[in-house]
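Peer 1: have a look; sequence and predicted model below, questions after that.
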Amino acid sequence: MRATVLGIAAVLGATLAAAGPAAALPVAGPQILAPEAAIDQAQYVSRRVVRRGPRCTTVVTKRRGPFGRVVVNRTRRCF
């Protein structure tokens, strides 16, 4: 009796599996696309900044003084 029930269940499972592949994705309907005239083109604007005046950096030099202390020397380099 148990073998008969398991056999019927196996046959039903096989027929359900063979009926069609299971799709995990939802059924997609017709896609509604916007007309091309409604889509605006992206405008890319390049902007260059002209820097006036000197460009300076501060260069820090550290060295040991005559008594072993650290002497910090800061100089500006402009170009």
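Peer 2: In hand now; what should we look at? Numbering: from 1, shown residues only.
Peer 1: strands of this structure, residue ranges please.
Peer 2: For the chain, the strands defined by DSSP state E occupy 56-64, 70-78.
Peer 1: turn those into TSV, columns for mean neighbour count, distance to residue 43 and mean pLDDT.
Peer 2: Every residue, glycine included, has its C-beta placed from N, CA and C. Listed next are these as TSV, based on neighbours: other CB atoms under 10 Å; distance: least, CB to CB, whole Å; pLDDT from 0 to 100:
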stretch	mean neighbour count	distance to residue 43	mean pLDDT
strand 56-64	9	36	95
strand 70-78	9	38	95
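Peer 1: and residue 7, which of these is closest to it?
Peer 2: The closest of the strands of the chain to residue 7 is strand 56-64. By CB to CB, the value is 86.2 Å.
Peer 1: contacting residues around the closest one?
Peer 2: By CB atoms under 8 Å, 6 or more residues apart in numbering, the residues outside strand 56-64 that reach it are 70-79.
Peer 1: contacts only, for residue 71.
Peer 2: Here residue 71 is in contact with 62-65 (CB under 8 Å, 6+ apart).
Peer 1: picking that back up, pipe the strands of the chain into JSON lines and attach distance to residue 10 per row.
Peer 2: Formatted as JSON lines, those follow (distance: least, CB to CB, whole Å):
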{"stretch": "strand 56-64", "distance to residue 10": "81"}
{"stretch": "strand 70-78", "distance to residue 10": "85"}
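Peer 1: and of these, who's closest to residue 49?
Peer 2: Of these, nearest to residue 49 by CB to CB is strand 56-64, at 17.3 Å.
Peer 1: turn the contacts of residue 71 into a markdown table, including distance to residue 2.
Peer 2: Output for these, formatted as a markdown table (distance: CB to CB, whole Å):
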| residue | distance to residue 2 |
| --- | --- |
| 62 | 89 |
| 63 | 94 |
| 64 | 94 |
| 65 | 97 |
